[in-house]
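>>> Sequence plus the predicted model coming up.
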Amino acid sequence: MTPEQAGAFLTVDLNKIANNWRKMQAKVGDKRQVAAVLKTDAYGLGAERVGRALYEAGCRVFFTAYVFEGIALREVAPEADIYVLHGVLPHTELDFLKYNLIPVLSTPRQVADWNHLGHKEDIVLPAALHVDTGMTRLGLTAGQIDSLGKNPDQCKYLNVKLVVSHLACADDPDNGMNAEQLEKFETACAKLRRILPDDFKESLSATDGCRLDDERFYRDVVRPGIALYDGALSLEVKILQIQDVQVGQTVGYGATHIFTKKSRVATLGIGYGDGLPRSLSNKGYVLIAGHQAPIVGRISMDLTTVDVTDIDVKELQQAPMAEIFGEDLPLKDVANIAGTIDYEMLTNLSKRFFRIYLD
């Protein structure tokens with residue numbers, strides 16, 4: 001794809017991403033590590049490009065969801081610890097060994113299988129343990145940790161480097177569940193220290209946990225994801241057509257918007273097929289020449305129509321692009337209007353965008 005062929009441009013400022021990581025590292029202090037969560041291709045932004053920039057900035061701990069993501073990241077982060085959050089899925093064991101990846105083990109079966117491989121190969125294998133403190137998603141329960149303590153040989157061939165958990169309500173600092181999970185996590189880690197032969201680091205907080213004021217949530221390793229991209233992203237789309245419309249004229253599928261005065265409409269080369277939420281129909285807006293242009297009519301697969309009546313014609317002529325999100329229109333604000341979250345919007349972005357990396 002060339003810039004001329006593309007309908008929209010996604011700009012990723014790698015310098016800002018690196019600076020965001022440095023700021024977080026400065027916030028938590030030298031005794032703690034700021035990792036980078038680059039699952040889902042770094043939330044759709046390109047894990048290899050983003051990973052290389054963070055590695056060159058000094059990041060040495062990364063998290064992916066699947067082993068194939070870890071393999072791709074190893075190419076650009078040769079000396080980093082790369083943890084795979086979904087653990088060792090059947091028939092992927094040799095991939096972990098070949099690329100020096102660390103599985104995050106969440107079930108007794110995963111613990112047993114990884115320990116068995118270590119016994120079979122007569123080597124001690126690196127690992128992390130995921131403990132469930134209330135998310136009820138992945139992780140060893142308190143009862144399973146107790147069972148592990150009754151048979152410590154289940155971990156004889158494991159070097160557990162890290163114990164992780166995940167906060168459910170960190171986006172709400174006043175939610176009492178945060179303190180409950182912290183207490184459960186500390187209890188679980190205390191039990192594991194009596195069971196495991198080697199000491200380990202602790203990790204509880206992802207993006208929202210990093211923003212909590214109480215430093216007890218930071219532990220040894222924090223795991224920001226989308227927080228790394230604050231102010232580093234913008235999406236602009238080409239204006240394909242501008243036309244005048246008359247009173248009573250409708251626009252889009254279902255004729256859901258009727259013009260009550262003479263107006264002007266711009267058609268943009270982006271739609272729900274590109275990841276622009278259809279829920280923004282008739283309630284979202286874009287920026288053109290710094291002015292808000294409301295979305296009118298339903299967003300279709302490849303096209304979106306916006307009302308540009310209030311924008312001066314001369315300014316329209318000098319602005320061939322519309323901003324979907326960026327410095328003046330934060331992604332989080334767009335997601336709120338759409339009734340979703342910025343994570344979902346990013347991971348849904350189309351491969352049809354021409355990607356520009358600033359480094």
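The structure has been received and is ready for your questions.
>>> burial of the spatially closest residue to R60 that is not a sequence neighbour, as a residue count?
Leaving out its chain neighbours, the residue that sits closest to R60 by Cβ to Cβ, 6 or more residues apart in numbering is A80, at 4.9 Å. The way it works is simple: take the backbone N, C-alpha and C, and place the C-beta from them, glycine included. If you count neighbours by other Cβ atoms under 10 Å, A80 ends up with 19.
>>> could you check the distance from A80 over to N336?
34 Å (Cβ to Cβ, to the nearest Å).
>>> on that earlier part again, which ones are touching the residue nearest to R60?
A80 makes contact with Y55, C59, R60, V61, F62, L73 under the criterion Cβ atoms under 8 Å, 6 or more residues apart in numbering.
>>> Which of the residues you listed fall in strands?
Judged by DSSP state E, strands contain the following of the contacts of A80: V61, F62.
>>> Buried ones only from the contacts of A80, please, as a PyMOL command.
To isolate in PyMOL the members of the contacts of A80 that are buried, counting by 16 or more other Cβ atoms under 10 Å, one can use:
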select buried, resi 55+59+61+62+73
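>>> Next one: Y218 from L358, what distance?
Y218 sits 30 Å away from L358, going by Cβ to Cβ.
>>> Which one of the two is surrounded by more residues?
More crowded of Y218 and L358, by other Cβ under 10 Å: Y218, with 22 against 12.
>>> and the more buried one, backbone torsions?
Note on Y218: backbone dihedrals following degrees, to the nearest 10 are phi -80, psi -30.
>>> Please give me every residue in contact with the spatially closest residue to it that is not a sequence neighbour.
Nearest non-adjacent residue to Y218, counting by Cβ to Cβ, 6+ apart: V28, 5.2 Å away. V28 is in contact with V34, C210, E215, Y218, V222, counting by Cβ under 8 Å, 6+ apart.
>>> The fourth one and R32 touch, don't they?
Yes - contact status for Y218 versus R32: in contact at 5.7 Å, counting by Cβ atoms under 8 Å.
>>> what comes into contact with the helix or strand where E315 lies?
Here E315 sits within helix 313-317, counting by DSSP states H and E. When contacts are defined by Cβ under 8 Å, 6+ apart, helix 313-317 is touched by residues I242, A266, I288, A289, H291, V308.
>>> Neighbours of the third one, how many?
A total of 21 residues lie near I288 under the criterion other Cβ under 10 Å.
>>> same question, G143
Residues near G143, counting by other Cβ under 10 Å, number 8.
>>> That one should be in a strand, yeah?
No - with DSSP: H, G, I helix; E, B strand; the rest coil as the criterion, G143 is helix rather than part of a strand.
>>> Per-residue pLDDT of it, please?
pLDDT, G143: 96.
>>> And the one 3 residues further on, by the same measure?
At D146 the predicted local confidence, pLDDT, stands at 94.
>>> can you tell me which residues contact it?
By Cβ under 8 Å, 6+ apart, D146 lies in contact with K191.
>>> ok, then the element right after the helix holding E315?
Tracing the chain past helix 313-317, the next element assigned as helix or strand by DSSP H and E is strand 321-325.
>>> ok, residues contacting that next one?
Contacts of strand 321-325 from elsewhere in the structure, counted by Cβ under 8 Å, 6+ apart, are 8-9, 233-239, 266, 268, 270, 276, 286-288, 293, 306, 329, 331, 333-334, 345.
>>> again, 6 Å this time
Strand 321-325 is contacted by residues L235, E236, V237, I239, L268, V286, L287, I288, L329, L331, V334 when judged by Cβ atoms under 6 Å, 6 or more residues apart in numbering.
>>> Just those residues: which are in helices?
Per DSSP state H, helices hold the following members of these: L331, V334.
>>> now, the most widely separated pair of the contacts of A80?
Spatial extent of the contacts of A80 (Cβ to Cβ) is set by the pair R60 and L73 at 12.2 Å.
>>> the strands in the stretch 101-250 of the chain, which residues?
Here the stretch 101-250 of the chain has its strands, by DSSP state E, counting those that start in this stretch, at 102-105, 125-130, 158-164, 201-203, 221-222, 233-245, 250-251.
>>> Let's have these in a markdown table, adding distance to D113, mean neighbour count and mean pLDDT.
A markdown table is the format used below for those (distance: least, Cβ to Cβ, whole Å; neighbours: other Cβ atoms under 10 Å; pLDDT from 0 to 100):
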| stretch | distance to D113 | mean neighbour count | mean pLDDT |
| --- | --- | --- | --- |
| strand 102-105 | 9 | 25 | 98 |
| strand 125-130 | 11 | 24 | 98 |
| strand 158-164 | 11 | 22 | 97 |
| strand 201-203 | 23 | 21 | 98 |
| strand 221-222 | 25 | 24 | 97 |
| strand 233-245 | 39 | 17 | 97 |
| strand 250-251 | 57 | 18 | 97 |
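>>> out of these, which comes closest to N20?
Taking Cβ to Cβ, strand 233-245 is the member of the strands of the stretch 101-250 of the chain nearest to N20, at 11.2 Å.
>>> The closest one pairs with which strands, parallel or anti?
Sheet pairing of strand 233-245 (DSSP bridges) gives strand 8-13 (antiparallel), strand 263-268 (antiparallel), strand 321-325 (antiparallel).
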